[in-house]
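Q: return atomic coordinates for the entry below.
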Amino acid sequence: MDETAPRPFLIGGLTKAQHYVCDSAATSAYAVLAVLPGLVRGFQAAVPDWLAFVIVLGGILPVAARRRWPRLVFGVVLVLSTLSILLGLLDTPFIAPAMAVYMVALTERRPRWEPTLVVGLLSSLGLLAVLTVSPVQAQSSATGQLLLTIAVMGVTWTVGRAIRDRRAYLARSTDRAVTEERLRIARELHDVVAHSMGLIVVKAGVTNHLVDVRPAQARDALQVIENTGRDALTEMRHMLGVLRTGGSPIELAPAPQPDTLSELADRAAMAGVQVSLETRGLDRLPEGVGLSVYRIVQEALTNVVKHAAPATCHVVVDDDGKEVRIEVTDDGPGGSVLPRQAGHGLIGIRERVTMYHGTCEAGPRPGGGFRVYVTLPYGETS
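A: As a prediction, this is how the structure comes out:
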């Protein structure tokens, strides 16, 4: 499945390489600002200036690698930053430890409540002490700087854990949405295959009675059995990897097909989205493919109604006998890009596309609005 839609630099999230670039840039800028006073007037510490440079830079530069080795970087930065505080080398020694401990909290694989409790208590005590003597006075003494550093580290640890928990919650929600969509697909495809098997059984019984007296009709029945069985095998192959449970009630209504897409357009119009619909060559679609086409258009129109209404939408469904192409475009506001990417509608579309080894492109249009483009290849079972 191809997802070639443009990805916003900030709204859609940074790539791993972009994260490293940002960390390196921020760390380098902070390092320059930290050593600049020492270059101008010297560090005036109990150690030589060259050693002071090593301690200061050693406590800052490793932060650039905090995503690769978060625990190691935090340990090195904490030790050297503490040494910088004791020697009076930095005015703001809490920045590098805070950046490092944030990444530890964010990447903790087996989160436990004990570290958060300890960090919370220490940071609370540190913050209370700093507020007691005022931040300005705290900055002027090593003890005050240590307490201030502990307090800031506690805040960043809490923020990191909160973001990690939020991401875990969103991941679980996405997994649930994928599972529910797969179960729905499995139930629908089960109905398709069950219908095919029922037809095969009936035609096989007819053939058994006609094979001697009416061989021509028997051959026709065998041809129907062959074609139906081939289609059923194709649908069963698509079902592989899709689980089905009997917990939900069985739907007795007939499965929707592409010839009812106009009903979706009418419902969208009632919600404020004017839909123009073009369909070509959908008469001979296999039942399972037709059902997926209907569901994909349904999900795409629901997405438009939720995030772009009122708007104008254009739907094109084209079948060439081997592949179905679906394109849904709208002229809604560009600000709806983020919720559409994060919603469950596109998850359902991608699950159906994956089932048929197709492609899916979803993203904002250059001139405004949103575009979903899907291909569903199908054909005879080899």
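Q: just the C-alphas of stretch 354-369, formatted as PDB.
A: Output of stretch 354-369 as PDB, limited to C-alpha atoms (Å, rounded to 0.1, in the frame of the first residue of the first chain):
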ATOM      1  CA  THR A 354      -4.600  -4.000   2.100                       C
ATOM      2  CA  MET A 355      -7.000  -7.000   1.700                       C
ATOM      3  CA  TYR A 356      -6.900  -6.600  -2.100                       C
ATOM      4  CA  HIS A 357      -3.200  -5.600  -2.300                       C
ATOM      5  CA  GLY A 358      -4.200  -2.200  -3.700                       C
ATOM      6  CA  THR A 359      -2.900   1.300  -3.100                       C
ATOM      7  CA  CYS A 360      -4.200   4.200  -1.100                       C
ATOM      8  CA  GLU A 361      -3.300   7.900  -1.300                       C
ATOM      9  CA  ALA A 362      -4.900  10.400   1.100                       C
ATOM     10  CA  GLY A 363      -3.900  13.900   1.800                       C
ATOM     11  CA  PRO A 364      -4.500  17.600   1.200                       C
ATOM     12  CA  ARG A 365      -4.900  19.000  -2.400                       C
ATOM     13  CA  PRO A 366      -2.500  21.700  -3.500                       C
ATOM     14  CA  GLY A 367      -5.400  24.000  -4.300                       C
ATOM     15  CA  GLY A 368      -7.200  23.300  -1.100                       C
ATOM     16  CA  GLY A 369      -9.500  20.500   0.100                       C
END
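Q: what comes up buried for that stretch?
A: 354-356, 358-360, 362-364, 369 (16 or more other C-beta atoms under 10 Å). In short, each C-beta sits where N, CA and C put it, glycine included.
Q: got it, and stretch 373-382?
A: Under 16+ other C-beta under 10 Å, the buried positions of stretch 373-382 are 373-376, 378.
Q: contacts for that stretch, please.
A: With contact meaning C-beta atoms under 8 Å, 6 or more residues apart in numbering, stretch 373-382 is reached by 230, 233-234, 237, 285-286, 289, 292-293, 296, 322-328, 349, 352-353, 356-362.
Q: picking that back up, just name the closest of the buried residues of stretch 373-382 to P215, please.
A: Nearest to P215 among the buried residues of stretch 373-382, counting by C-beta to C-beta, is Y378 at 33.0 Å.
Q: and the pLDDT for that closest one?
A: Listed pLDDT for Y378 reads 85.
Q: need phi/psi at it.
A: phi -150, psi 170 (degrees, to the nearest 10).
Q: now L83. Nearest residue, chain neighbours left out?
A: I55 (5.6 Å; C-beta to C-beta, 6 or more residues apart in numbering).
Q: ok but the one you found is inside a helix, no?
A: Yes - read with DSSP: H, G, I helix; E, B strand; the rest coil, I55 is one of the residues of a helix.
Q: next, count neighbours for it.
A: Neighbour count of I55, defined by other C-beta atoms under 10 Å: 21.
Q: quick check: the farthest pair among the buried residues of stretch 354-369?
A: M355 and G369 (27.6 Å).
Q: give me the domain ranges for the protein.
A: For the chain, automatic domain parsing gives the domain ranges 16-172, 177-239, 258-377.
Q: and the next helix or strand past the helix or strand of the chain with the lowest mean pLDDT?
A: Ranked by mean pLDDT, DSSP states H and E, the weakest helix or strand in the chain is helix 337-342, scoring a mean of 42. Once the chain leaves helix 337-342, the next helix or strand it forms, by DSSP states H and E, is helix 345-355.
Q: contacting residues for F53?
A: With contacts defined as C-beta under 8 Å, 6+ apart, the neighbours of F53 are 35, 38, 43.
Q: go on, A204?
A: Per C-beta under 8 Å, 6+ apart, neighbours of A204: 221, 225.
Q: helix, strand or coil: sort out it for me.
A: A204 - assigned by three-state DSSP - is helix.
Q: relative to L222, how far out is it?
A: Separation of A204 from L222 (C-beta to C-beta, to the nearest Å) stands at 9 Å.
Q: what's the answer for L147, then?
A: Going from L147 to L222 by C-beta to C-beta gives 87 Å.
Q: any idea how far the helix or strand harbouring C360 is from the chain center?
A: Using DSSP H and E, C360 falls within strand 359-364. With C-alpha atoms, centre = their mean, to the nearest Å as the basis, strand 359-364 stands 14 Å off its chain's centre.
Q: what's the angle between that strand and helix 345-355?
A: 160 degrees (axes from the mean of the first three to the mean of the last three C-alpha atoms, to 10 degrees).
Q: just checking: what are the partner strands of strand 359-364?
A: Applying DSSP bridges to the sheet, strand 359-364 is found paired with strand 370-377 (antiparallel).
Q: returning to that earlier point: narrow the contacts of stretch 373-382 to those that are buried.
A: Counted by 16+ other C-beta under 10 Å, the contacts of stretch 373-382 give 234, 285-286, 289, 292-293, 296, 323-328, 349, 352-353, 356, 358-360, 362 as buried.
Q: any idea where the strands of the stretch 251-382 of the chain begin and end?
A: For the stretch 251-382 of the chain, applying DSSP state E, counting those that start in this stretch gives strands covering 273-280, 311-319, 323-330, 359-364, 370-377.
Q: who does the first one touch, helix- and strand-wise?
A: Spelled out, that is strand 273-280. Counting by 3 or more C-beta pairs under 8 Å, 6 or more residues apart in numbering; DSSP states H and E, the packing neighbours recorded for strand 273-280 are helix 261-270, helix 287-307, strand 311-319.
Q: could you export the longest one as PDB, CA atoms only?
A: Extracted in PDB, the C-alpha atoms of helix 287-307 (Å, rounded to 0.1, in the frame of the first residue of the first chain):
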ATOM      1  CA  GLU A 287     -19.600  -9.300  -4.900                       C
ATOM      2  CA  GLY A 288     -16.700  -8.900  -2.400                       C
ATOM      3  CA  VAL A 289     -15.000  -6.200  -4.500                       C
ATOM      4  CA  GLY A 290     -18.300  -4.300  -5.000                       C
ATOM      5  CA  LEU A 291     -18.900  -4.400  -1.200                       C
ATOM      6  CA  SER A 292     -15.400  -2.900  -0.600                       C
ATOM      7  CA  VAL A 293     -16.000  -0.200  -3.200                       C
ATOM      8  CA  TYR A 294     -19.200   0.800  -1.400                       C
ATOM      9  CA  ARG A 295     -17.600   0.800   2.000                       C
ATOM     10  CA  ILE A 296     -14.600   2.900   0.800                       C
ATOM     11  CA  VAL A 297     -16.800   5.500  -0.800                       C
ATOM     12  CA  GLN A 298     -19.000   5.500   2.400                       C
ATOM     13  CA  GLU A 299     -15.900   6.100   4.600                       C
ATOM     14  CA  ALA A 300     -14.600   8.800   2.400                       C
ATOM     15  CA  LEU A 301     -17.900  10.700   2.200                       C
ATOM     16  CA  THR A 302     -18.300  10.300   6.000                       C
ATOM     17  CA  ASN A 303     -14.900  11.900   6.300                       C
ATOM     18  CA  VAL A 304     -15.900  14.800   4.100                       C
ATOM     19  CA  VAL A 305     -19.200  15.400   6.100                       C
ATOM     20  CA  LYS A 306     -17.400  15.300   9.400                       C
ATOM     21  CA  HIS A 307     -14.400  17.500   8.600                       C
END
